[in-house]
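Colleague: Dropping the sequence and predicted coords here.
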Amino acid sequence: MGETVTDAEQVNIWMRPERPARGPKPAYSRAQITEAAVRIADAEGLEAATMRRIAAEIGAGAMSLYRYVPSRDDLIMLMADRLMGEIDVEGMPSGDWRADLTRYAGELRAMWLRHPWIATAQRALVVFGPNQLRLIERVMGSLDAHVSIDENLALMAILNGYVESAARDEVSWTQEIRRSGLTEAEWMARSYPYIQRLIESGEYPIFTKIVTGSRQPHLSRDDQFRYGLERILDCIAAALPADGGISDGDAAAEAPRPR
């Protein structure tokens, strides 16, 4: 007989059975509830995705939904993992790690921009839902043949950190412009007199170079993202062994230690 998982041992939603072993077929599913929650969050923000609001969306009683999703933390886990499922990693690893990571980074950024509320749903503890596990296997698999698992984790943290930071900045900038009631061009024009005063003061030579000489701030959002991504991928390339295999140091780190 299989082991029974007690409530105390059900540390996340994926350890809890989708439906009870006995009794009638459930009227709803976690997938239905999660999809409704994502639709509401996309339209009105994460805080609007309450059990009461979700119940109204799918035509259920609010209290009945807790049989499927016991807590708000569980709901947010399900929503976040649902978004991970939008990231297309089919065919990865392809054998071309740079192409794989470029594609993944673009997919991850696009997901953030479609669902900006994900910025407020990030959790300190990773819960390893099925879609997140799929990403780990496919994306980290692109570097697995080249570096140790510790180096892989470190390099992926750098890549994910870049994408998340860029996406957060893009979402925040878009929201700020929307709140101001100005177009981006109007906002820049309004800022010009102050910037000109800073330049003329002569006290900020590096800032003056940024304003008068840099090309990057004038690129489109897409081109800015690609420019930064190429720098990140160059850093990852520099960490890989020249022969394409695992370096001697990494191999030694992964070798089993004698007992």
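Modeller: That came through fine. Numbering: from 1, shown residues only.
Colleague: can you pull out the strands in the stretch 51-200 of the chain?
Modeller: Remark: no strands are assigned in the stretch 51-200 of the chain by DSSP state E, counting those that start in this stretch.
Colleague: now the helices for the stretch 1-150 of the chain?
Modeller: Per DSSP state H, counting those that start in this stretch, the stretch 1-150 of the chain has helices spanning 30-44, 51-58, 72-84, 97-114, 130-144, 149-180. These are given in chain order.
Colleague: Pull the residues that contact the first one.
Modeller: If I follow you right, that is helix 30-44. Around helix 30-44, the neighbours that count as contacts under Cβ atoms under 8 Å, 6 or more residues apart in numbering are 13, 18, 48-49, 53-54, 57-58, 65, 68-69, 75, 78-79, 82-83, 114-115, 117. Quick note: C-beta positions are derived from backbone N, CA and C, even for glycine.
Colleague: before we move on, what about the third one?
Modeller: Taking Cβ under 8 Å, 6+ apart as the criterion, the residues outside helix 72-84 that touch it are 12-13, 30, 33-35, 37-38, 41, 46, 49, 51, 69, 111, 115, 118, 121-123, 127, 129-132, 134-135.
Colleague: same deal with the second one?
Modeller: Residues outside helix 51-58 that contact it (Cβ under 8 Å, 6+ apart) are 28, 32-33, 36-37, 39-40, 61-62, 64-66, 69, 72, 75.
Colleague: Repeat the analysis, applying 10 Å as the threshold.
Modeller: Residues from elsewhere that reach helix 51-58, judged by Cβ atoms under 10 Å, 6 or more residues apart in numbering: 27-28, 32-37, 39-41, 44, 47-50, 60-66, 69, 71-72, 75.
Colleague: Now the buried members of those.
Modeller: In the contacts of helix 51-58, burial by neighbour count holds for 28, 32-37, 40-41, 49, 60, 65, 69, 75, counting by 16 or more other Cβ atoms under 10 Å.
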